[in-house]
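>>> Next comes the sequence, and after it the predicted model I'd like to discuss.
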Amino acid sequence: MKSAMTLVFAAIMVLGAVQLSAANQQQLTGIVSDSMCGASHMAKDKTAAECTRMCVKDGSKYALVVGDKVYTLAGHEPELDKLAGEKATIKGDVSGTNVKVSSVHAATSSK
């Protein structure tokens, strides 16, 4: 009986963790930048994309600028590199201003 109760408890814990993970999954749309520059690129002689790539090469993380907020991104760096300086939609687990990226797509423009 004790073994069955332990199994039920473990199953409840797993289901709770899955629900919590799903609760943090969000979709954000903004401009792909880097965590050092955010919305204001410091290399004025470079495009936003060039500055982003240069900063990431120098150790900064990719970031997504959404309004006044800057989210630091983890994962899917090759796709983020392709969209540096452009509008993108990111899906992932959000924790504060950190996002563990699960997908990256160019944002569709609405006319």
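Here it is on my side, so go on.
>>> switch to C-alpha atoms for all contacts and neighbour counts from now on
Fine.
>>> what sits against residue 51?
Going by C-alpha atoms under 8 Å, 6 or more residues apart in numbering, residue 51 touches 41, 42, 43.
>>> Can I take it that it is in a helix?
Yes: Residue 51 sits within a helix when classified using DSSP: H, G, I helix; E, B strand; the rest coil.
>>> now the chain, which segments are flagged as low pLDDT?
Scanning the chain for pLDDT under 70 picks out the ranges 1-23, 109-111.
>>> can you give me the helices in it?
2-24, 48-57, 77-82 (DSSP state H).
>>> And for residue 42, the neighbour number?
As a burial measure, the neighbour count of residue 42 was computed by other C-alpha atoms under 10 Å and equals 14.
>>> for it, phi and psi?
Note on residue 42: its backbone torsions stand at phi -80, psi -30 [degrees, to the nearest 10].
>>> Now it: closest residue in space, sequence neighbours ignored.
Counting by C-alpha to C-alpha, 6 or more residues apart in numbering, the nearest residue to residue 42 once its immediate chain neighbours are dropped is residue 51, at 7.6 Å.
>>> how near is the one you found to residue 57?
The spacing between residue 51 and residue 57, counted by C-alpha to C-alpha, to the nearest Å, is 10 Å.
>>> just residue 70 next, same as before
Using C-alpha to C-alpha, one obtains 19 Å as the distance from residue 70 to residue 57.
>>> try residue 80
Distance from residue 80 to residue 57, counting by C-alpha to C-alpha: 13 Å.
>>> Then residue 28?
Taking C-alpha to C-alpha as the measure, residue 28 and residue 57 are separated by 24 Å.
>>> okay, the two: which has more neighbours?
Using other C-alpha under 10 Å, the more surrounded residue of residue 28 and residue 57 is residue 28, with 19 against 10.
>>> hang on, isn't residue 95 packed against residue 24?
Yes: between residue 95 and residue 24 a contact is recorded at 7.0 Å, counting by C-alpha atoms under 8 Å.
>>> Name the residue in these two with the higher neighbour count.
residue 24 (14 against 11).
>>> Just confirm residue 90 contacts residue 32, I think it does.
No: at 9.5 Å, residue 90 and residue 32 do not qualify as touching, with contact defined as C-alpha under 8 Å.
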